[in-house]
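Asker: Mind folding the following:
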Amino acid sequence: MFNVGDLVKLNAGFNQERHPPMFTYGFVTGVENLGDPERYCKQLIKVEWAHPRNNDEQTYMDHCLELVAKL
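Answerer: Next up, the predicted model:
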């Protein structure tokens, strides 16, 4: 499970005009727990990316990110 302040790495490819490339590092700035253990996606996560293609309104599913370090 991800928490605000964790260091993560993008582990999925998205549109390169709006998202950073795969393996870009960033910090978790927001987490929404979905609360249903049967769901494929258990959290929605906002990330501040260390890349020029950073957008505060982008949210990622937990399985698109890899945890690098806990806060």
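
Asker: Pull up the pairing partners for the longest strand seen in the chain, direction included.
Answerer: Counting by DSSP state E, the longest strand found in the chain is strand 25-33. Under the criterion DSSP bridges, strand 25-33 sits next to strand 7-10 (antiparallel), strand 43-49 (antiparallel) in its sheet.

Asker: Would you mind giving those as CSV with mean neighbour count and distance to residue 16 added?
Answerer: Bear in mind the C-beta positions are built from the backbone N, C-alpha and C, glycine included. What follows is those, written out as CSV (neighbours: other CB atoms under 10 Å; distance: least, CB to CB, whole Å):
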stretch, mean neighbour count, distance to residue 16
strand 7-10, 18, 12
strand 43-49, 19, 13
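
Asker: Would you confirm that residue 34 contacts residue 44?
Answerer: Yes - under the criterion of CB atoms under 8 Å, residue 34 makes contact with residue 44 at 6.9 Å.

Asker: for the longest strand of the chain, which positions count as buried?
Answerer: 25-28, 31 (16 or more other CB atoms under 10 Å).

Asker: and these as JSON lines, adding distance to residue 10 and pLDDT?
Answerer: Converted to JSON lines, the buried residues of strand 25-33 look like this (distance: CB to CB, whole Å; pLDDT from 0 to 100):
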{"residue": "25", "distance to residue 10": "8", "pLDDT": "93"}
{"residue": "26", "distance to residue 10": "7", "pLDDT": "92"}
{"residue": "27", "distance to residue 10": "12", "pLDDT": "92"}
{"residue": "28", "distance to residue 10": "12", "pLDDT": "94"}
{"residue": "31", "distance to residue 10": "16", "pLDDT": "95"}
